[in-house]
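Q: what's the 3D shape of this:
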Amino acid sequence: KDEDSLRSSWRDPDITFGTVTVPDAVKRRGAMNSVLRDPEKEMSVIDYYKFHAECAADTIIHFAKTAKEACESRKLVAAFYGYLLGLSWHADCALESGHFSLYKVLECPHVDALVAPAEYSHRAFASGVSVFPTVLDSIKDAGKLWIDENDVRTHLTPQVGWGWTKNRDETIQVQRRQLGAAFAARTGSWWFDMNGGWYDDPIIMREISNLRNLGEKILTCQRESTAQIAMVVDEASMAFSETNNNLSWSLLEAMNIELARSGAPAKRILLSDITQHTDCKLYIFANLFAPNESQLKTINQILDSNEATAMWLYAPGYFQQSKDGNWEAVGAIGLSTLTGMDIRQAQGHYTMGSRTVTGALNSLPETRFGADRRTAPFFWVEDPKAEVLAVSEDICRPSLARKQVGRWTSVYASCVPVPGCVI
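A: Here you go, the predicted model:
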């Protein structure tokens, strides 16, 4: 707003608009609180990542408008953007890629469609899943089309990996899985013959023709979503996290995969669109590190009126805005306020491995889950009124718990990702 606000926010009495510089790689890649940033000392980095993402979105908007004018709106304009749930496979990619201003692109009338390949890390034949790396339902809410770029490798692809199959039968099965996911999610799809020859087999081409014909028929069918689960993603909160993908993998990419493995239909939405999805029974708040007061009020109203269940992951409410508008890390106090449970914060680094309590989740056998990496800060539940569902392997404290909070149910998980069978 002005230089006084800048100095107050960045806790720097000497900073001016003329002396602001881009944070260097050392500042960007390190987070003073391990996986979460310290606004007292790193607000310039947090603001940089928000600005960086907005610049990426503004660039897309500029060229989309230019393209629409050049073709006199006779063509569809699409962009490869919005990979919120699929950026963790490359070092530093989640924040450095600038994808976390999707809301701006969705507001742009010149963008008709968004495109991306499906999730790369779990494409294997038989054991893999076909899931899309974005908040599909927010894209649909905005009247945009999502197109899956089907670059799943076939048995004719020279390199191994990214869904590579060993023979024709496996190729057919994986292609059916991939197109089936697109049909169920009501997305577009195209085949990407990246280097040529991936589909150079008359039987494979006949299968693709049959799938395309099936898709044409499905277009005439009723396919409204029956999902009662919503995974909620907060774009702004991502700027408060470290850059090396530890959190983005566990909270976004891996949770998206586990949600697909749960077997239940589920929505993926932006936090800013939650008021368009007030009828869900379960809301999974993936990365709600820094919600503002208005967002918290809306969330509580939805949970209360719908008697829904909220699953909070890792560090919800860790950051809060003070009366002067500056962000500060309030730690476990913020988590406790948001979840309605008494949550404690540990000093030092601990692994996220956990095991479910036998008998706590109906007939589910003891299940191990969570990322095998040391993380700080680390949290656990210390609430006698909460039902313990899983315990941390490292410090033997409750890492997954459930509690009734008024008219709604609160579930908190400090160890992530939470597996599909538990969901």
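
Q: residue boundaries of the helices in the stretch 151-300 of the chain?
A: Secondary structure of the stretch 151-300 of the chain, counting by DSSP state H, counting those that start in this stretch: helices at 168-185, 202-218, 246-247, 254-261, 293-306.

Q: Where does pLDDT dip in the stretch 251-400 of the chain?
A: In the predicted model, the stretch 251-400 of the chain carries no residue with pLDDT under 70.

Q: And Leu335, its phi and psi?
A: The phi/psi pair for Leu335 (degrees, to the nearest 10) reads phi -60, psi -40.

Q: hmm, back to that, now, of the helices of the stretch 151-300 of the chain, which is deepest in the fold?
A: helix 246-247 (a mean of 24; mean count of other C-beta atoms under 10 Å). Every residue, glycine included, has its C-beta placed from N, CA and C.

Q: sorry, back to before: could I get the helices of the stretch 151-300 of the chain in JSON lines, plus columns for distance to Cys71?
A: Formatted as JSON lines, the entries for those read as follows, by distance: least, C-beta to C-beta, whole Å:
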{"stretch": "helix 168-185", "distance to Cys71": "26"}
{"stretch": "helix 202-218", "distance to Cys71": "26"}
{"stretch": "helix 246-247", "distance to Cys71": "41"}
{"stretch": "helix 254-261", "distance to Cys71": "34"}
{"stretch": "helix 293-306", "distance to Cys71": "39"}
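
Q: and of those, who's closest to Arg37?
A: Arg37 sits nearest to helix 246-247 of all those, at 10.9 Å, using C-beta to C-beta.

Q: Outside of the top strand by length along the chain itself, list whatever touches it.
A: Criterion DSSP state E: the longest strand present in the chain is strand 398-405. Identification of contacts with strand 398-405 by C-beta atoms under 8 Å, 6 or more residues apart in numbering yields 339-341, 352, 354, 356, 370, 380-383, 385-392, 409-415, 418, 422.

Q: what angle sits between that strand and helix 293-306?
A: 70 degrees (axes from the mean of the first three to the mean of the last three C-alpha atoms, to 10 degrees).

Q: Give the partner strands of the helix or strand following strand 398-405 in its sheet and their orientations.
A: Downstream of strand 398-405, the first helix or strand assigned by DSSP states H and E is strand 408-413. According to DSSP bridges, strand 408-413 forms sheet pairs with strand 309-313 (parallel), strand 398-405 (antiparallel).

Q: Could you dump the ones you listed into JSON lines and include distance to Cys108 and mean neighbour count?
A: Listed next are those as JSON lines, based on distance: least, C-beta to C-beta, whole Å; neighbours: other C-beta atoms under 10 Å:
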{"stretch": "strand 309-313", "distance to Cys108": "30", "mean neighbour count": "23"}
{"stretch": "strand 398-405", "distance to Cys108": "39", "mean neighbour count": "22"}
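
Q: Out of these, which gets nearest to Pro13?
A: Ranking those by proximity to Pro13 (C-beta to C-beta) places strand 309-313 first, at 36.6 Å.

Q: follow-up on the earlier one: make CSV out of the strands paired with strand 408-413 and add distance to Thr278.
A: What follows is the strands paired with strand 408-413, written out as CSV (distance: least, C-beta to C-beta, whole Å):
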stretch, distance to Thr278
strand 309-313, 13
strand 398-405, 18
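
Q: Compare the ones you listed and report which one is nearest to Val131.
A: Set against Val131 and scored by C-beta to C-beta, the strands paired with strand 408-413 come closest in strand 309-313, at 17.6 Å.

Q: The residue lying closest to Leu335 once chain neighbours are set aside and Gly317, how far apart?
A: In this structure, Leu335 finds its nearest non-sequential neighbour in Ile343, 4.4 Å apart by C-beta to C-beta, 6 or more residues apart in numbering. Note on Ile343: its distance to Gly317, by C-beta to C-beta, to the nearest Å, is 10 Å.

Q: who has more neighbours, those two?
A: Counted by other C-beta atoms under 10 Å, Ile343 and Gly317 do not tie: Ile343 has more neighbours, with 28 against 23.

Q: from memory that one sits against Ala332, does it?
A: Yes: between Ile343 and Ala332 there is a contact at 5.0 Å, judged by C-beta atoms under 8 Å.

Q: hey, what's in contact with both of those two?
A: Counting by C-beta under 8 Å, 6+ apart, the residues touching both Ile343 and Ala332 are Phe379.

Q: before we move on, the earlier item: out of the helices of the stretch 151-300 of the chain, which is closest to Val115?
A: For the helices of the stretch 151-300 of the chain, distance to Val115 was read as C-beta to C-beta. The smallest value, 12.4 Å, belongs to helix 168-185.

Q: okay, the angle between the closest one and helix 202-218?
A: Here helix 168-185 runs at an angle of 10 degrees relative to helix 202-218 (the same axes, to 10 degrees).

Q: what about the closest residue in space to Leu106 that isn't next to it in sequence, neighbour count?
A: Closest residue in space to Leu106, ignoring its immediate chain neighbours: Ala142 at 3.8 Å, by C-beta to C-beta, 6+ apart. By other C-beta under 10 Å, 18 other residues sit near Ala142.

Q: these two touch, right, Ala142 and Lys104?
A: No: with contact defined as C-beta under 8 Å, Ala142 and Lys104 do not form a contacting pair (10.9 Å).

Q: Could you check the pLDDT of Gly197?
A: Taken from the predicted model, the pLDDT recorded for Gly197 is 95.

Q: Ok, Trp89 next?
A: In this prediction, Trp89 carries a pLDDT score of 69.

Q: Same question for Thr165.
A: Reading off the confidence values, Thr165 has pLDDT 94.

Q: quick one: secondary structure of His99?
A: Reducing the assignment to helix, strand or coil with DSSP: H, G, I helix; E, B strand; the rest coil, the entry for His99 is coil.

Q: coming back round to it: any shared contact partners between Ile343 and Gly317?
A: Counting by C-beta under 8 Å, 6+ apart, the shared contacts of Ile343 and Gly317 are Leu335.

Q: Skip the chain neighbours and tell me the closest residue to Asp200.
A: Using C-beta to C-beta, 6+ apart, the nearest residue to Asp200 is Leu156, at 5.9 Å.

Q: So the one you found sits against Gly197, correct?
A: Yes: under the criterion of C-beta under 8 Å, Leu156 is in contact with Gly197, at a separation of 5.7 Å.

Q: Of the two, give the one with the bigger neighbour count.
A: Set side by side, Leu156 and Gly197 show more neighbours around Leu156, with 17 against 12, by other C-beta under 10 Å.

Q: got the contact list for the more buried one?
A: With C-beta under 8 Å, 6+ apart, Leu156 has these contacts: 171, 197-201, 204.

Q: I'd like these as a markdown table, with distance to Lys65 appended.
A: Supplementary listing: the contacts of Leu156 in a markdown table, determined by distance: C-beta to C-beta, whole Å:
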| residue | distance to Lys65 |
| --- | --- |
| Thr171 | 40 |
| Gly197 | 38 |
| Trp198 | 35 |
| Tyr199 | 36 |
| Asp200 | 40 |
| Asp201 | 42 |
| Ile204 | 40 |
